[in-house]
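J.: Sequence and predicted model, in that order:
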Amino acid sequence: MIIRASGVFCLIFVSVVFLQAQTQPRARDLGVPFDGTPGPLNSITDIKGVEVGYRTLISGEGKLNTGAGPVRTGVTAIFPRGKSAVDPVFAGWFTENGNGEMTGTTWVEESGFLYGPVMITNTHSVGVVRDAVISWQLRHGTPVPLEDWWSLPVVAETWDGYLNDINGFHVKGEDAEAAMAEAHGGAIAEGNVGGGTGMICFEFKGGTGTSSRKLGGKQGGYTVGVLAQCNFGERPELLIAGAPVGKEIPGPPIWRRETGSIIVVVATDAPLLPHQLKRMARRVTLGLGGLGSISGNDSGDIFLAFSSANSGAGLADKTAHVEMLSNEEMDDLFEATVQATEEAVVNAMVAAKTMTGADNRTVEALPHERLREVLSKYNRLAVGK
């Protein structure tokens, strides 16, 4: 079935995604122990104003016929202040290994601002999604009151060509626009949704995952949220809560060497400036390292962090008055980023379902009961679970 968001069918699709977000088990439900205190939703949408939308495209089966399918792909949209806002946010980005793409980042680096949404899709659909964002912005009001308006959208990718007819170019502008239109706060779906639909993680089925951390102590009141599109790693590398899950749950290899990519978006309501947000983005690497990632040569590991604080700074005509958290007070934010990154990836794998795609290739989901058995074997299963 191909999911197309038009008319009444769009309403059905949105309802199904929201129901999925409410009912499917997450890593903590299975007894995976994580450090830190999550926000109420344990999601990037715990940051006030953040909205996330998906467009999921699934159709066809059997032999790969370029242009005809099978299709296992999609688009994810993340709005820092909601899709109706015109106020840019301070942002910073970092690449751990650069075999990937995130458009618009040279201007993020230069200006310190993120204008509009962050979009995530498959490798060969970056261009069409980028163009669709510009078109959408023009029709919904320019993001800043400039006389000669222009836009450099941020669009990132990971490769889904093992399961998806990636060279069939099935993601269209209307799909990117549907993901933006569907964006909402509250609980969001994980696993085989949006840009994560056809992804593979540590040679299990991967996809989209999210998590958050509520800070205590001196930083009480601030929150860090993460959304990850996970498509990286070899099975033997996988560690969950320190247990060698990948080695304990062997399976046929998919890759000849470490490959794939991961895109991570970090959001916070702490008042941080661009150079501090770049520091936050760098800490994503530590969360991935805790999972066993080596960030191999063929991997595109690219991370962006933004702050919803300091509203109006990007619209100031002359002087902007901003707040900045002291660098000396950032350790808790660093720790929260590491913790939420690790949990977001595991949430993506727990939520993902076994998928068969192009040429009848099948990627198995991480088996929940076997995961619990491995955690128990290494005394890592959460008490009471």
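T.: Sure, I can see it.
J.: Need phi/psi at the nearest residue to residue 272 once chain neighbours are set aside.
T.: Leaving aside its chain neighbours, residue 272 sits nearest to residue 307 (4.6 Å; criterion: CB to CB, 6 or more residues apart in numbering). Just so you know, the C-beta spots here come from the backbone N, C-alpha and C atoms, and that holds for glycine as well. Backbone torsions for residue 307, taken as degrees, to the nearest 10, come to phi -120, psi 130.
J.: Residue 307 touches residue 278, doesn't it?
T.: No: with contact defined as CB atoms under 8 Å, residue 307 does not count as touching residue 278 (11.5 Å).
J.: Show me which of the two is the more surrounded one.
T.: residue 307 (29 against 20; other CB atoms under 10 Å).
J.: Residue 180 versus residue 101, what's the distance?
T.: Computed with CB to CB, to the nearest Å, the distance linking residue 101 and residue 180 is 19 Å.
J.: where does the closest residue to residue 34 other than its chain neighbours fall, helix, sheet strand or coil?
T.: On the basis of CB to CB, 6+ apart, the spatially nearest residue to residue 34 that is not a chain neighbour turns out to be residue 343, at 4.9 Å. Reducing the assignment at residue 343 to three states with DSSP: H, G, I helix; E, B strand; the rest coil gives helix.
J.: Quick one: residues contacting residue 343.
T.: Neighbouring residues of residue 343 by CB atoms under 8 Å, 6 or more residues apart in numbering: 27-28, 34, 38, 42, 209, 211, 226.
J.: Take these and keep only those in helices.
T.: Counting by DSSP state H, none of the members of the contacts of residue 343 fall within helices.
J.: in this protein, which spans are helices?
T.: 7-23, 105-111, 126-140, 173-182, 245-248, 274-282, 284-290, 331-351, 368-377.
J.: Go through those and pick out the most buried.
T.: Among the helices of the chain, ranked by average contacts under mean count of other CB atoms under 10 Å, first place goes to helix 331-351 (a mean of 26).
J.: just the CA coordinates of it, formatted as PDB?
T.: This file holds the C-alpha atoms of helix 331-351, laid out as PDB (Å, rounded to 0.1, in the frame of the first residue of the first chain):
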ATOM      1  CA  ASP A 331      27.800  19.800  31.600                       C
ATOM      2  CA  ASP A 332      24.300  18.700  32.400                       C
ATOM      3  CA  LEU A 333      23.200  19.600  28.900                       C
ATOM      4  CA  PHE A 334      26.000  17.600  27.500                       C
ATOM      5  CA  GLU A 335      25.100  14.600  29.600                       C
ATOM      6  CA  ALA A 336      21.400  14.900  28.600                       C
ATOM      7  CA  THR A 337      22.400  15.000  24.900                       C
ATOM      8  CA  VAL A 338      24.500  11.800  25.300                       C
ATOM      9  CA  GLN A 339      21.700  10.000  27.200                       C
ATOM     10  CA  ALA A 340      18.800  11.000  24.900                       C
ATOM     11  CA  THR A 341      20.800  10.200  21.800                       C
ATOM     12  CA  GLU A 342      21.500   6.600  23.000                       C
ATOM     13  CA  GLU A 343      17.800   6.100  24.000                       C
ATOM     14  CA  ALA A 344      16.400   7.600  20.800                       C
ATOM     15  CA  VAL A 345      18.400   5.100  18.700                       C
ATOM     16  CA  VAL A 346      17.200   2.100  20.800                       C
ATOM     17  CA  ASN A 347      13.600   3.400  20.700                       C
ATOM     18  CA  ALA A 348      13.900   3.500  16.900                       C
ATOM     19  CA  MET A 349      15.000  -0.200  16.800                       C
ATOM     20  CA  VAL A 350      12.400  -1.300  19.300                       C
ATOM     21  CA  ALA A 351       9.600   0.400  17.400                       C
END
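J.: Offset the numbering so it begins at 3, please.
T.: Shifting the count to begin at 3 puts that one at helix 333-353.
J.: Specify the angle between it and helix 276-284 in degrees.
T.: Helix 333-353 and helix 276-284 are oriented at 40 degrees to each other (axes from the mean of the first three to the mean of the last three CA atoms, to 10 degrees).
J.: quick one: pLDDT of the residue nearest to residue 36?
T.: Each residue has a pLDDT score; the one for residue 345 is 98.
J.: ditto for residue 142
T.: The pLDDT attached to residue 142 in the predicted structure is 85.
J.: wait, what's in contact with it?
T.: With contacts defined as CB under 8 Å, 6+ apart, residue 142 is in contact with residue 85.
J.: So it versus residue 232, what's the distance?
T.: Per CB to CB, residue 142 is found 30 Å from residue 232.
J.: for residue 201, same thing?
T.: Distance of residue 201 to residue 232, computed by CB to CB: 6 Å.
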